[in-house]
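**Student:** what follows is a protein structure lacking sequence information:
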């Protein structure tokens, strides 16, 4: 993962430093049309819109000795707006919002005294994720472009529940805990607001977008606890 982050960062720096010479020569052919349609062949300060869905496997990482990470599954549905920052360079900013769902489940079972016993623990979260990206779009062909980017994430955790369930001798006992409630969690209540960083690269073919990124949180969601998230995205530009 460190190699991936280094590759994306070096690619962004290399493309950005070569952009000036490249687009001084082609500046006369750059377009500043006010049309909102997506076009990878020119610099368009009007930018684009994107709707997308992302698969978000993530890890809840603990800064404790011998503590194992908790692996979450996740899904995000969202919208991004991209707009040009200059009329000569394909340097863009993207802002938007997405609804993000995460879940984790652990199950165990065994036999005690001739009876089957089982235990399950499930964590579910629902968040509003607000990304802000800075990207450079490199046009490979008239239809295909590659865009390394880095950015920030601002996340508001709307819901978080931990459900534990124990079944023994055909009797079930369960408990629901609100992870963000002081009454349920006491001094260990999780934080509602998160901020983090990410690095990624996007591939655009006509209106189709595919992207991959990795990032971690700046601040802890709980004591010595942060999320690290990988995102694989499929979207449509318009």
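**Tutor:** Looks like it came in fine. Bear in mind the structure is a predicted one, so any value in this text is a computation, not a measurement.
**Student:** any low-confidence regions in this structure?
**Tutor:** 1-45 (pLDDT under 70).
**Student:** apply 80 and report the result again.
**Tutor:** 1-46, 112-115, 169-170 (pLDDT under 80).
**Student:** buried stuff in stretch 82-89?
**Tutor:** Of the residues in stretch 82-89, 82, 84, 88-89 count as buried by neighbour count, 16 or more other C-beta atoms under 10 Å. (Each C-beta comes from the backbone N, C-alpha and C, glycine too.)
**Student:** swap in stretch 143-150?
**Tutor:** Neighbour count says stretch 143-150 has 145-150 buried, by 16+ other C-beta under 10 Å.
**Student:** so which elements touch the helix or strand where residue 236 lies?
**Tutor:** Here residue 236, judged by DSSP states H and E, is contained in strand 225-237. On a contact count with 3 or more C-beta pairs under 8 Å, 6 or more residues apart in numbering; DSSP states H and E, strand 225-237 meets strand 48-55, strand 58-62, strand 70-84, strand 193-205, strand 208-217.
**Student:** now do it against strand 48-55, angle only.
**Tutor:** Using axes from the mean of the first three to the mean of the last three C-alpha atoms, to 10 degrees, one finds that strand 225-237 and strand 48-55 are set 130 degrees apart in direction.
**Student:** buried residues in strand 225-237?
**Tutor:** Those buried within strand 225-237 under the rule 16+ other C-beta under 10 Å are 225-231, 233, 235, 237.
**Student:** of the residues you listed, closest to residue 126?
**Tutor:** Lowest distance from residue 126 to the buried residues of strand 225-237 (C-beta to C-beta) belongs to residue 227, with 14.1 Å.
**Student:** tell me the one of the buried residues of stretch 143-150 nearest residue 75?
**Tutor:** residue 149 (21.2 Å).
**Student:** how about the contacts made by the residue nearest to that closest one when sequence neighbours are not counted?
**Tutor:** The shortest distance from residue 149 to any non-neighbouring residue, by C-beta to C-beta, 6 or more residues apart in numbering, is to residue 135 (3.4 Å). Counting by C-beta atoms under 8 Å, 6 or more residues apart in numbering, residue 135 touches 82, 91-94, 147-149, 202.
**Student:** which of the residues you listed fall in helices?
**Tutor:** Of the contacts of residue 135, none are assigned to helices by DSSP state H.
**Student:** which among those residues gets closest to residue 183?
**Tutor:** residue 94 (39.2 Å).
**Student:** neighbours around the nearest residue to the closest one once chain neighbours are set aside, how many?
**Tutor:** Nearest residue to residue 94, sequence neighbours excluded (C-beta to C-beta, 6+ apart): residue 133, at 4.1 Å. Look at residue 133: counted by other C-beta atoms under 10 Å, it has 22 neighbours.
**Student:** adjust the sequence numbering to begin at 16 for everything that follows.
**Tutor:** All right, first residue 16 from here; so that's residue 148.
**Student:** my read: residue 148 touches residue 162, true?
**Tutor:** No - judged on C-beta atoms under 8 Å, residue 148 makes no contact with residue 162 at a distance of 9.0 Å.
**Student:** before we move on, back to that, quick one: which two of the buried residues of strand 240-252 are the most distant?
**Tutor:** Across the buried residues of strand 240-252 (C-beta to C-beta), the longest gap, 36.1 Å, separates 240 and 252.
**Student:** contacts only, for residue 172.
**Tutor:** 140-142, 195, 205-209, 236.
**Student:** so which of the residues you listed sit within strands?
**Tutor:** Among those, the subset assigned to strands under DSSP state E consists of 140-142, 208-209.
**Student:** among those, which ones are buried?
**Tutor:** 140, 142, 209.
**Student:** what's across from the last one in the sheet?
**Tutor:** Okay, so that is residue 209. Assessed by DSSP bridges, residue 209 has beta-bridge partners residue 170.
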